[in-house]
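Q: Pasted the sequence and its predicted model underneath.
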Amino acid sequence: MNEFELIRTYFQRDPLDPSVILGNGDDAAVVSQHSDFETVLSVDSVIAGRHVPEMCPPDGFAARLLGRGLSDLAAMGAEPQYVLLSLTLPSLEPGWVDHFANRFHQLCVRFGVDLIGGDTTKGPLSAHITVIGRVPKGSAVTRSGLKAGDDLWLFGPDLGGARAYLDVLDGQESDHELWAERYWRPEPQLGAGVSLRGTASAMIDISDGLCQDLSHVLDQAVGSASVKLQSKFIPLCEDLVERFGQERAMEYALTGGDDYCLLASIPAGLKVPEGGRRIGMVVKGESERILLDGKPLPDSWQLGWDHGR
């Protein structure tokens, strides 16, 4: 099967959204955008051997790829519309790609996005995805805006399970169904993101570790600010404490990454959308930017994933 047959067979579908004038299959896509909205775009990548194991299940690869991209839109309060996919495959023959494409299209339908174009080539397994969404003019939620007096809220299921699953992949721990679910099937919090427009003063998705992503928000705070986290309010994934003990479980939850929850600062007293958990508060800047139960984070903790490491 050549590249063009593969695209026609696996990646061309009738558009879901009438705004798609010309979809996948031409030199470029054509879409019609409404003048009352602003476009939100993000690009992400998944590389076998770097972001996922070399031997990677196709449905898990598809779910992680699309989930990561859509989580970026959720963090801006955007509604997803379109996706572009650049896929590099070891072989352009049916098999692995059949399962990947089926899962990818199922998720596109579920989240309401149209695959409108991309590229395929032969080489080591990897993919790059561009997601495109929209927000009403002036309503995108950014990382800047956190200030002393805000409360810190978490939207999403729990923390640490995806990090714990890395120990399963490394052979250090026995398999765990929920940890595998958290790793292979991230759930972008799109509904929460939309509901936080006009409420959150700043927002980010937790992809690289809560503390590291929180640091990005603190970098753009209004004035000097620190955050006081409370461990009793941090939602830990199932069996973390039982397997690792309280301290290591908390480390995985706060630094592990791949959780794809939303972290939002919300001014105290505002009505908070359903589904959030208050995990801390923002105060005027102290010597330590992030405190856990009133104490600095342990020196041994790496705050999160470093893409350059």
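A: Arrived safely, thanks for sending.
Q: what helix or strand is R8 on?
A: Taking DSSP states H and E as the definition, R8 sits inside helix 3-10.
Q: So for the longest helix along the chain, what gets flagged as buried?
A: Among the elements of the chain assigned as helix by DSSP state H, the one spanning the most residues is helix 58-75. Neighbour-count burial for helix 58-75, counted by 16 or more other CB atoms under 10 Å, picks out 58-75. Bear in mind the C-beta positions are built from the backbone N, C-alpha and C, glycine included.
Q: what ranges of the stretch 101-250 of the chain fall below the confidence cut-off?
A: Nowhere does the stretch 101-250 of the chain drop to pLDDT under 70.
Q: just the helices in it please.
A: Counting by DSSP state H, counting those that start in this stretch, the stretch 101-250 of the chain has these helices, from start to end: 161-169, 177-184, 190-195, 210-219, 240-244, 246-255.
Q: what's the closest of those to S201?
A: Taking CB to CB as the measure, those were each checked against S201, and helix 210-219 came out nearest at 9.7 Å.
Q: For that closest one, what is the distance to the chain centroid?
A: Taking CA atoms, centre = their mean, to the nearest Å, one finds the center of helix 210-219 at 15 Å from the center of the full chain.
Q: just checking, what packs against that helix?
A: Under the contact criterion of 3 or more CB pairs under 8 Å, 6 or more residues apart in numbering; DSSP states H and E, the helices and strands touching helix 210-219 comprise strand 202-205, strand 225-229, helix 246-255, strand 262-267, strand 290-292.
Q: Output those in JSON lines; the columns should cover mean neighbour count.
A: As requested, those are arranged in JSON lines below (neighbours: other CB atoms under 10 Å):
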{"stretch": "strand 202-205", "mean neighbour count": "26"}
{"stretch": "strand 225-229", "mean neighbour count": "21"}
{"stretch": "helix 246-255", "mean neighbour count": "21"}
{"stretch": "strand 262-267", "mean neighbour count": "25"}
{"stretch": "strand 290-292", "mean neighbour count": "19"}
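Q: Just put the ones you listed in JSON lines and tack on distance to E79.
A: Putting these into JSON lines (distance: least, CB to CB, whole Å) gives the following:
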{"stretch": "strand 202-205", "distance to E79": "15"}
{"stretch": "strand 225-229", "distance to E79": "29"}
{"stretch": "helix 246-255", "distance to E79": "29"}
{"stretch": "strand 262-267", "distance to E79": "15"}
{"stretch": "strand 290-292", "distance to E79": "32"}
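Q: Against A127, how distant is S201?
A: 34 Å (CB to CB, to the nearest Å).
Q: oh, I was asking about D175
A: For D175, the distance to A127 equals 25 Å [CB to CB].
Q: mind listing what A268 touches?
A: Neighbour list for A268: 149-151, 281 [criterion: CB atoms under 8 Å, 6 or more residues apart in numbering].
Q: Please name the nearest non-neighbouring residue to D72.
A: Nearest in space to D72, with sequence neighbours left out and distances taken as CB to CB, 6 or more residues apart in numbering, is S42 at 3.8 Å.
Q: just checking, that neighbour touches G69?
A: Yes. At 6.3 Å, S42 counts as touching G69 under the criterion of CB atoms under 8 Å.
Q: Find residues that contact each of these two.
A: In contact with both S42 and G69: 130-131, using CB under 8 Å, 6+ apart.
Q: returning to that earlier point: if you count neighbours, what's buried in the helix or strand just after the helix holding R8?
A: On the C-terminal side of helix 3-10, the closest following helix or strand by DSSP H and E is strand 20-22. If you call a residue buried by 16+ other CB under 10 Å, then strand 20-22 has these buried ones: V20.
Q: Kindly report the same for stretch 234-246.
A: Taking 16+ other CB under 10 Å as the basis for neighbour counts, the residues of stretch 234-246 that come out buried are 234, 236-240, 243-244.
Q: and I47, that's in a helix?
A: No. For I47, which was evaluated using DSSP: H, G, I helix; E, B strand; the rest coil, the result is strand, with no helix membership.
Q: Just give the number of residues close to the closest residue to it other than its chain neighbours.
A: Nearest residue to I47, sequence neighbours excluded (CB to CB, 6+ apart): S126, at 4.3 Å. Here the number of neighbours of S126 (other CB atoms under 10 Å) works out to 20.
Q: what residues are up against S126?
A: If you count contacts by CB under 8 Å, 6+ apart, S126 has them with 45-48, 87-88.
Q: Mark which of those are buried, thanks.
A: For the contacts of S126, burial is judged from neighbour counts taken by 16+ other CB under 10 Å, and it is met by 46, 48, 87-88.
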